[in-house]
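1. Here is my input; please provide its structure:
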Amino acid sequence: MKSISLQLKVALFIVFLFGVYFLTYGSNAKVSFKLGDGMSVTNADSTMAFNLTMFNQNRMDVTKRFIKQDKPTLTAQVRAVRIKSIASFLRDKIQLVTQIGLAPKEIKSGVLMDAYIRYNATRFFSMQFGQAKLPGNREQLVSRQNQQFIERSPTNALFRLDRDFGFQFQFKFGKKMLIMPTFSVSTGEGVNYIQTNFQHLDYSARLEWLPLGKFQNYDYADFTRNKMPKLALGVVYDFNNRAIYQNGQLKGNNIADSLQQNIHTVMADMNFMWNGLNIYGDYIYRTTPKADTTNAYTKGHSFFVTTAYTFKKNYEIAFRYNHTFAGKSGNIDKTHDYTFAFTKYFFEHNLKIQTEYTFNNNLSTTIKKGIWRMQVQIII
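-> Okay, the predicted model is just below:
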């Protein structure tokens, strides 16, 4: 009952804000509604605007371990319900961005996902303050609704930076060949954390290079069917000072003061698109500088590579291989994951149905399992 009451209050509050804006500028406001773009209200001189979008993912999973007498398990769930609002002022110079998650899993981890103010100073520089995704690996930066697979990779599940509260500074250099550095300083404790100190701050830096020109580098599926090859390359370094959680921003077990260490995370990623073909992948390595005899922190190597092709009639086939291993100082299982996916896009990502099958081979536990998933998504 508490979660339902909270959802209702949040929805009513957003409707209230939208109503106040509409009444204030109602006589001259431009109102539009489009699948995928949501509802937008812009005042007469276009100096202020408000946009509201929502998306829903309904999903079913069947998991079967390849062990005698082990029966399949079925999971049916509302995987995601998101409401996002963007209020723009002074012709997009200042933006207030909020996003909430109302699905059961999202409520457990905290309804508030994003809440930040962005200042777009020039075409080449912007800064923001608040809670948002950190400049980490590409698969995490690509929004949930724009993924080619129903579930992100095990690499992302293990080592992503995820969301945190702090400052971000974003730059853009070049015209045909783009270089885009991003820097952040955050709490290091993840979403909705209200206490921290200077001993536990997190510092991130991401450098992205587009040698072949601008394209939809934070999207998967080549709907535009780029006539010329497009490539994006990214590298990331993250330093979490004396992290108090086992998995940094992803939380996990609390680490006692006497055992706290710095977490170093290195990432690399790429995204290649050309005439319907999409090849991309991420690599992440996480470690601590001192010997972690108690295995307090999650450490190791993980990477994935994906190949996908989008047909002209908006069908898509995709394959992903993921490998995790401990290396010399890590403590994660050695696994191989193979995922085959099929998607039918009706209005690009705005309305699609997806299905996939994953075969997981855990060499550390010697357990093999298969996972079949099906999902329907709509964005309004």
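2. Low-confidence stretches in the stretch 151-300 of the chain?
-> The model of the stretch 151-300 of the chain has pLDDT under 70 over residues 195-198.
3. Just the strands from it, written as ranges.
-> Secondary structure of the stretch 151-300 of the chain (DSSP state E, counting those that start in this stretch): strands at 163-171, 178-186, 202-210, 230-240, 263-274, 277-287, 300-310.
4. ok and the fourth one relative to strand 163-171, angle-wise?
-> Here the directions of strand 230-240 and strand 163-171 differ by 130 degrees (axes from the mean of the first three to the mean of the last three CA atoms, to 10 degrees).
5. can you give me how far strand 230-240 is from the chain middle?
-> 14 Å (CA atoms, centre = their mean, to the nearest Å).
6. Next: the second one.
-> In terms of CA atoms, centre = their mean, the centre of strand 178-186 is found 16 Å from the chain centre.
7. what comes into contact with it?
-> If you take CB atoms under 8 Å, 6 or more residues apart in numbering as the criterion, strand 178-186 is touched by 134-135, 164-173, 201-210, 213-214, 249. In short, each C-beta sits where N, CA and C put it, glycine included.
8. ditto for the third one
-> Defining contact as CB under 8 Å, 6+ apart, one finds that strand 202-210 is touched by 134-136, 161, 164, 166, 177-188, 217, 230-241, 248-249.
9. Mind listing what's buried along that strand?
-> Judged by neighbour count using 16 or more other CB atoms under 10 Å, the buried positions of strand 202-210 are 202, 204, 206-210.
10. circling back: buried ones among the contacts of strand 202-210?
-> Among those, those buried by neighbour count (16+ other CB under 10 Å) are 134-136, 161, 164, 166, 178, 180, 182-184, 186-188, 217, 230-234, 236, 238, 240, 248-249.
11. For Asp61, find the nearest of the strands of the stretch 151-300 of the chain.
-> With CB to CB as the criterion, Asp61 lies closest to strand 300-310 of the strands of the stretch 151-300 of the chain, at 19.4 Å.
12. Which elements pack onto the closest one?
-> Secondary-structure packing of strand 300-310 (3 or more CB pairs under 8 Å, 6 or more residues apart in numbering; DSSP states H and E): helix 154-159, strand 277-287, strand 315-325, strand 335-345.
13. Show me what the last one packs onto, helices and strands only.
-> Applying 3+ CB pairs under 8 Å, 6+ apart, we find strand 335-345 packed against strand 300-310, strand 315-325, strand 351-362.
14. same check, this time on the second one
-> Using 3+ CB pairs under 8 Å, 6+ apart as the contact test, the elements touching strand 277-287 are helix 138-141, helix 154-159, strand 263-274, strand 300-310.
15. Using CSV, lay out those together with mean neighbour count and distance to Phe346.
-> As requested, the helices and strands packed on strand 277-287 are exported to CSV (neighbours: other CB atoms under 10 Å; distance: least, CB to CB, whole Å):
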stretch, mean neighbour count, distance to Phe346
helix 138-141, 23, 24
helix 154-159, 23, 26
strand 263-274, 21, 21
strand 300-310, 21, 13
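16. Redo the ones you listed as a markdown table? Include distance to Pro72.
-> Listed next are these as a markdown table, based on distance: least, CB to CB, whole Å:
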| stretch | distance to Pro72 |
| --- | --- |
| helix 138-141 | 28 |
| helix 154-159 | 21 |
| strand 263-274 | 34 |
| strand 300-310 | 25 |
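17. if we can go back for a sec, I'd like the helices and strands packed on strand 335-345 as CSV, with distance to Asn253 appended.
-> Supplementary listing: the helices and strands packed on strand 335-345 in CSV, determined by distance: least, CB to CB, whole Å:
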stretch, distance to Asn253
strand 300-310, 17
strand 315-325, 19
strand 351-362, 21
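18. what's across from Gln377 in the sheet?
-> Gln57, Lys352 (DSSP bridges).
19. quick one on the thing from earlier: of the strands of the stretch 151-300 of the chain, which is nearest Phe33?
-> Closest among the strands of the stretch 151-300 of the chain, once you apply CB to CB, is strand 300-310, at 26.9 Å.
20. Output that closest one as PDB - backbone C-alpha positions only.
-> Provided in PDB are the C-alpha atoms of strand 300-310 (Å, rounded to 0.1, in the frame of the first residue of the first chain):
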ATOM      1  CA  GLY A 300      38.500  -8.700 -11.700                       C
ATOM      2  CA  HIS A 301      38.100  -8.400 -15.500                       C
ATOM      3  CA  SER A 302      35.000  -8.600 -17.700                       C
ATOM      4  CA  PHE A 303      34.300  -7.800 -21.300                       C
ATOM      5  CA  PHE A 304      31.700  -8.400 -24.000                       C
ATOM      6  CA  VAL A 305      31.400  -8.100 -27.800                       C
ATOM      7  CA  THR A 306      28.200  -7.700 -29.700                       C
ATOM      8  CA  THR A 307      27.300  -8.000 -33.400                       C
ATOM      9  CA  ALA A 308      23.900  -7.000 -34.700                       C
ATOM     10  CA  TYR A 309      22.100  -6.300 -37.900                       C
ATOM     11  CA  THR A 310      19.000  -4.200 -38.500                       C
END
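21. I'm done for today, thanks for sticking with me.
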